[in-house]
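Trainee: this one's structure only:
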């Protein structure tokens, strides 16, 4: 997925987990079970905080939408090669099992903690 569900807005009456499941389904056609929060990422330039959750696919059929141009399953190496650092780190953090991570970026590069 090029755009993560974390980049979407929640409906007023839904939990973050329900919003993630809804957005992933809308954008990719895949039903997911939300596992756990793996990171909090602040874009200091735009003032946006993204919550990232690890999910498990539970059904559906892969498809694109008005908000997605491709649906792909990538290895960690492919994530690092094909995605900008500030987005790749979200997926890599979700896979490492040491979260939740808290990171800031300026929209292009990570900002070192402290």
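Mentor: Received, thanks. For clarity, every value in this text was computed on a predicted model and none was experimentally measured.
Trainee: what's the neighbour count on the closest residue to residue 14 other than its chain neighbours?
Mentor: Nearest in space to residue 14, with sequence neighbours left out and distances taken as Cβ to Cβ, 6 or more residues apart in numbering, is residue 22 at 7.1 Å. Every C-beta, even on glycine, is put in place using the N, C-alpha and C of the backbone. Residue 22 sits with 16 neighbouring residues when counted by other Cβ atoms under 10 Å.
Trainee: for the remainder of this discussion, apply numbering that starts at 59.
Mentor: Sure, I'll start counting at 59 from here, so that last one is residue 80.
Trainee: where does residue 80 sit, in terms of helix or strand?
Mentor: helix 74-86 (DSSP states H and E).
Trainee: same for that helix, what does it pack against?
Mentor: Helices and strands touching helix 74-86, by 3 or more Cβ pairs under 8 Å, 6 or more residues apart in numbering; DSSP states H and E, are strand 88-101, strand 106-118.
Trainee: so which of those is the most surrounded?
Mentor: Mean neighbour counts were taken over the helices and strands packed on helix 74-86 using mean count of other Cβ atoms under 10 Å, and the top value, a mean of 17, falls to strand 88-101.
Trainee: ok, and for the host helix or strand of residue 162, which residues are buried?
Mentor: Counting by DSSP H and E, the element that carries residue 162 is strand 159-163. For strand 159-163, the neighbour count (16 or more other Cβ atoms under 10 Å) marks 159, 161, 163 as buried.
Trainee: can you add distance to residue 71 and mean pLDDT and give the helices and strands packed on helix 74-86 back as a markdown table?
Mentor: Putting these into a markdown table (distance: least, Cβ to Cβ, whole Å; pLDDT from 0 to 100) gives the following:
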| stretch | distance to residue 71 | mean pLDDT |
| --- | --- | --- |
| strand 88-101 | 17 | 97 |
| strand 106-118 | 17 | 95 |
